[in-house]
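In: let me see the structure of the following:
(2 chains)
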Amino acid sequence: MTTEASPTEGGAPRRIAYATNIYVGVVAAAGVCLTAAAIRLDGIVIDATFGVLLLLALLSWLLGSVETDGGRTQVSLTGIVMLAAMALVGPAGAGIVGTLLGPFDNGRAPLRARIFNSGMFATMGVVGGAAYIAAGGRPGGPWPPGTWEIALQIGIPVLVADIVQFAVNMVLVAIVVRLAAGVSMRTQVGQIVRSSGSAQIGYGVIAFIMVVLWGPAGLGSASVFLIFPPLLAAQWAYRQYAEERKGHDRALHVLVAAVEAKAPHLAGHSTRVAELSASMAEHLGLRPQTVADARVAGMLHDLGLTSLPTGLVRSTGVIGGRAISSYPARGVALLRGLSFLSGALDAIAHHRDAVAPRGTGDELGVEALIVGLADEYDLLSEVGTPDGVLIPKDEALALLRRTPAGREDLIRALEHALSLRAEAAT
Amino acid sequence: MTSVLPATHLLRAWTVLAVGAIAVVSSVYGVGSMLLPLLVTHRLTVAVFVVAIVAGELLRLPMPSGRAAAPLASASALALVFLSRIDGEPTFDVPAGFVVLVVLAGLLVPAAVRGVEGKVVGLEAVAARLVGVAVAAWLAREFAPSTRSLWSLGVDGAVSPWLVAMGMVAVAGVGIAVELVLSAAVRSERQRTPWLAALRDEFGEAAPLTFAVVASGPMVALMAPALGLLSLPVALFPLAITYVAVDRYMQNRVTYRQTIATLSHLTEHGGYTPAGHAERVADLSVRTGRVLGMSDRDLRDLEYAALLHDLGQISLIEPIPGGATMLAAPSDQRDIADEGASIIRHAEGLERVADYVEAQTTPYRLVRELGEEVPVASRIIKVANAFDDLTGGRDDPGEILAANERIHLGLGYEYDPEVVEALAVATADTTVGRVGEPETATR
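Out: Okay, the predicted model is just below:
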């Protein structure tokens, strides 16, 4: 499964903790009861097939899953094993596989989350298995002959079971997150669908292949031997990709280091502006892409300084080379070729205009206003003048109110970002 | 792309082409007059597989070493090797030669498209693939040590499906290995990289992807008795996921490199270094590294370090005249290298790149006399940087000769003789060590 709970521990009021604990207990009990009921009604055959599925469950704990692009899960074997269990050993077997898979699916989860996941996976297995039968599937055979019969009697039931177990997964997780962290269920469901919805369809197709090879094609457990290399390759490729992404994000820090080598008095400035800008953009409720653009624009807003003579940058270092008007355009010229930064260029080009003494700021994008405010605030109150004069927070905010970017909502976002930072520091 | 290598220098490429031609001719001979009846009987199967191979070939993935992987086409070709019973279609009971000819049809269409577009046709790659398929098809369909071929055992289910599946995977593995060995031979000759290094790249660069291809081909064939021709798109689905992931990984590598290149532009925009110097040094360093047989991972760090070798100049108060560090005082050179390395160390994961930049100024004498550890990458950058400072990026043969002579004066004292030799190979012929195959080579 792609989604499991890892409820936030600590800091929550006792009442919420009780409600969460009760809910976790209910889910765990539901998992056990449903599995027991399925064994009673449908029966369970402990045979080689069941054994192989348990082995696969073990294997999928060991391999884990890969996440890229901010939590988007790419390849998790658990989802495939669960679906295959529904089609090969029926609801009772899938419930047992789920009970065993749940606690180990997330290697570092606290005990409470493990208990919850065990119950949730068992429920998903039993309910998904029942959906498989309801959609016309016959777990464990007899297997239909011919292309169309297979598509109708295995393909469609696997798809239905896939959707049903994903829905159960989403609802149960959304409730626990609502209880423990107070996130609305709609937000949570939306987030789960975005992060693992497409992967979930993929698990359905792969489980379908495995069942067809296992049953109608007569391969039995040999199908595992064929289907796993491509899956491991996919995991490997996504791992490489995630690693590469991380490396690339870190390489941006070299650009910041270059600015700081040029202008040592700005050490730490770019990072602070990046954090403030992102936090302001989040508080204003902007889209995730805009938040990311504001962060990277804040980080690289001074890059143009690097192409100026060192002597000039250091001597006119009065508040970060404010006197040198060409550096934002120079920064844009340096970064223009980088497609992933295209959303940040406007803010880099115009962040000085946002706090220019004259001007309205009407024609400026919100990212430019945010970065301009964060930059100017940091220059006034953290970087200071060469003789070390720092302007206190309230005075700095008063100064900023008089600039084009000094809109009340933006100033409030800045104050919020500052209080968040102060909170994090203590 | 100025020089055309004389045909005699490409002995291995011609050999591979010849072996490919032999495979095709013997296939035509083996199929003989059965060709037409077989095509009529299996028209739908043949059409589906040719389309799949064509599509897979058009979706090739360029790998960093310069080879183009076509996992979906390879897997489709291997599936055809083992294909037997197909639900809704006649059993694919054909001689091995017929399989080779169908795969050939699928490979020639994209090759012709590439030719029309003016891209590299890559006939050697087609030949290598065909020979691999021919070997696998012969092993599966004709080779019968105990009177039964693997293919015939698979049809009637006389032995355990485990054995049949494992046999198919083993044969597919042999076919792929033959292809990789042949294409490594061709590539090592063209790039002047050692043969073992080319072989290591072919096998190691995307080993999981290769394993996936080896398993996916048999998977299609084993599914076909139940799911018919639909098994081809369905069974290739997991491989397609891998394809997408590898593609994204490769694209991200390109953006990563762009970011590093941006860093090299900082000193150029500031007028500290001449325009294009860093890119030229990087290009020459990588090609020299390839001649020396460096691995993909090392080449990448070498490329980044070469792009960033002058980054330390960014905090100089006064630019060096012309930006040529080769002519600067040794202590200044060291300061610049140290400053550059300390800037790069701000990023986790680039430690090796920083080490290479830091050690780039160490004269080779210290390696020889005092046993100082200087990475090969740093020695390459030192020589490539000197070469570009001397030629100023001009590719006039006279200037190249003069620069090589000047570098030779510092041989053993300033520069590593082995690196200088490799650099001379790379500068004598602009196709050496290049990843994009020269268009002239395939004609």
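In: can you pull the pLDDT of A:Thr20?
Out: With respect to pLDDT, A:Thr20 scores 85.
In: residues in contact with residue 403?
Out: If you meant another chain, say so; for now it's chain A. By Cβ atoms under 8 Å, 6 or more residues apart in numbering or on different chains, the contact set of A:Thr403 is A:Ala354, A:Val355, A:Ala356, A:Pro357, A:Gly361, A:Gly372, A:Leu373, A:Glu376. Bear in mind the C-beta positions are built from the backbone N, C-alpha and C, glycine included.
In: think we crossed wires, I meant chain B
Out: Contacts of B:Ala403 by Cβ under 8 Å, 6+ apart are B:Ala386, B:Phe387, B:Leu390, B:Thr391.
In: cutoff 10 Å now
Out: B:Ala386, B:Phe387, B:Asp388, B:Asp389, B:Leu390, B:Thr391, B:Gly392, B:Arg394, B:Leu423, B:Thr427 (Cβ atoms under 10 Å, 6 or more residues apart in numbering or on different chains).
In: do A:Val291 as well
Out: A:Ser277, A:Ala278, A:Ser279, A:Met280, A:Ala281, A:Glu282, A:His283, A:Leu284, A:Gly285, A:Glu367, A:Ile370.
In: what helix or strand does it sit in?
Out: Assigned by DSSP states H and E, A:Val291 falls within helix A:288-300.
In: follow-up on the earlier one: which PyMOL command selects the buried ones in the contacts of B:Ala403?
Out: For the buried members of the contacts of B:Ala403, the matching PyMOL selection, counting by 16 or more other Cβ atoms under 10 Å in any protein chain shown, is:
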select buried, chain B and resi 386+387+388+389+390+391+423+427
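In: how near is A:Leu232 to B:Phe211?
Out: 8 Å (Cβ to Cβ, to the nearest Å).
In: the strands in the stretch 301-426 of chain A, which residues?
Out: Counting by DSSP state E, counting those that start in this stretch, the stretch 301-426 of chain A has no strands at all.
In: cool, chain B as well?
Out: B:61-62, B:68-69 (DSSP state E).
In: got those strands as a markdown table, with distance to chain A columns?
Out: Converted to a markdown table, the strands of chain B look like this (distance: least, Cβ to the nearest Cβ, whole Å):
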| stretch | distance to chain A |
| --- | --- |
| strand B:61-62 | 10 |
| strand B:68-69 | 12 |
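In: could you dump these into JSON lines and include mean pLDDT, distance to B:Ile260 and mean neighbour count?
Out: JSON lines is the format used below for the strands of chain B (pLDDT from 0 to 100; distance: least, Cβ to Cβ, whole Å; neighbours: other Cβ atoms under 10 Å in any protein chain shown):
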{"stretch": "strand B:61-62", "mean pLDDT": "83", "distance to B:Ile260": "19", "mean neighbour count": "16"}
{"stretch": "strand B:68-69", "mean pLDDT": "82", "distance to B:Ile260": "24", "mean neighbour count": "16"}
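In: can you redo the ones you listed as CSV with distance to A:Trp214?
Out: CSV is the format used below for the strands of chain B (distance: least, Cβ to Cβ, whole Å):
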stretch, distance to A:Trp214
strand B:61-62, 31
strand B:68-69, 30
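In: for the residue in the stretch 51-200 of chain A that chain B sits nearest to, what are phi and psi?
Out: In the stretch 51-200 of chain A, the residue found nearest to chain B is A:Thr147; the distance is 4.2 Å by Cβ to the nearest Cβ. Dihedral pair for A:Thr147: phi -60, psi -50, per degrees, to the nearest 10.
In: quick one, longest helix in the chain?
Out: Assuming you mean chain A. helix A:222-262 (DSSP state H).
In: could you do chain B instead?
Out: Assigned via DSSP H, chain B shows its longest helix as helix B:237-269.
In: right, is that one up against chain A?
Out: Yes - Helix B:237-269 reaches chain A (Cβ under 10 Å from any Cβ of the partner chain) through B:237-263, B:265-269.
In: stretch B:205-216 now?
Out: Yes - counting by Cβ under 10 Å from any Cβ, chain A has neighbours in stretch B:205-216: B:Ala206, B:Ala207, B:Pro208, B:Leu209, B:Thr210, B:Phe211, B:Ala212, B:Val213, B:Val214, B:Ala215, B:Ser216.
In: ChimeraX command for the buried members of the residues you listed?
Out: Command for ChimeraX that selects the buried part of the residues of stretch B:205-216 next to chain A, burial taken from 16+ other Cβ under 10 Å:
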select /B:206,208,209,210,211,212,213,214,215,216
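In: just to revisit the earlier point, inside helices: which ones of the contacts of A:Thr403?
Out: In this view, the contacts of A:Thr403 that belong to helices under DSSP H are A:Gly372, A:Leu373, A:Glu376.
In: make CSV out of the residues you listed and add pLDDT.
Out: Rendered in CSV, the data for the ones in helices among the contacts of A:Thr403 read as follows (pLDDT from 0 to 100):
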residue, pLDDT
A:Gly372, 89
A:Leu373, 89
A:Glu376, 88
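In: could I get the CA-only coordinates of stretch A:23-43 as PDB?
Out: Taking C-alpha atoms only, stretch A:23-43 is exported to PDB below (Å, rounded to 0.1, in the frame of the first residue of the first chain):
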ATOM      1  CA  TYR A  23      -9.900   5.000  16.700                       C
ATOM      2  CA  VAL A  24      -6.700   3.000  16.200                       C
ATOM      3  CA  GLY A  25      -8.200   0.300  18.500                       C
ATOM      4  CA  VAL A  26     -11.400   0.200  16.500                       C
ATOM      5  CA  VAL A  27      -9.500  -0.200  13.200                       C
ATOM      6  CA  ALA A  28      -7.300  -2.900  14.600                       C
ATOM      7  CA  ALA A  29     -10.300  -4.800  15.900                       C
ATOM      8  CA  ALA A  30     -12.100  -4.300  12.600                       C
ATOM      9  CA  GLY A  31      -9.200  -5.900  10.800                       C
ATOM     10  CA  VAL A  32      -9.100  -8.900  13.100                       C
ATOM     11  CA  CYS A  33     -12.900  -9.400  13.100                       C
ATOM     12  CA  LEU A  34     -13.200  -9.000   9.300                       C
ATOM     13  CA  THR A  35     -10.400 -11.500   8.700                       C
ATOM     14  CA  ALA A  36     -12.000 -14.000  11.100                       C
ATOM     15  CA  ALA A  37     -15.400 -13.600   9.500                       C
ATOM     16  CA  ALA A  38     -13.900 -14.100   6.000                       C
ATOM     17  CA  ILE A  39     -12.100 -17.300   7.200                       C
ATOM     18  CA  ARG A  40     -15.400 -18.500   8.700                       C
ATOM     19  CA  LEU A  41     -17.600 -17.700   5.600                       C
ATOM     20  CA  ASP A  42     -15.200 -18.300   2.800                       C
ATOM     21  CA  GLY A  43     -12.600 -20.600   4.200                       C
END
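In: quick one: average pLDDT of it?
Out: Mean per-residue pLDDT for stretch A:23-43: 89.
In: now that stretch: how far from the chain's centre is it?
Out: Computed by Cα atoms, centre = their mean, to the nearest Å, the chain-centroid distance of stretch A:23-43 equals 31 Å.
In: same question for stretch B:410-427.
Out: With Cα atoms, centre = their mean, you get 26 Å for stretch B:410-427.
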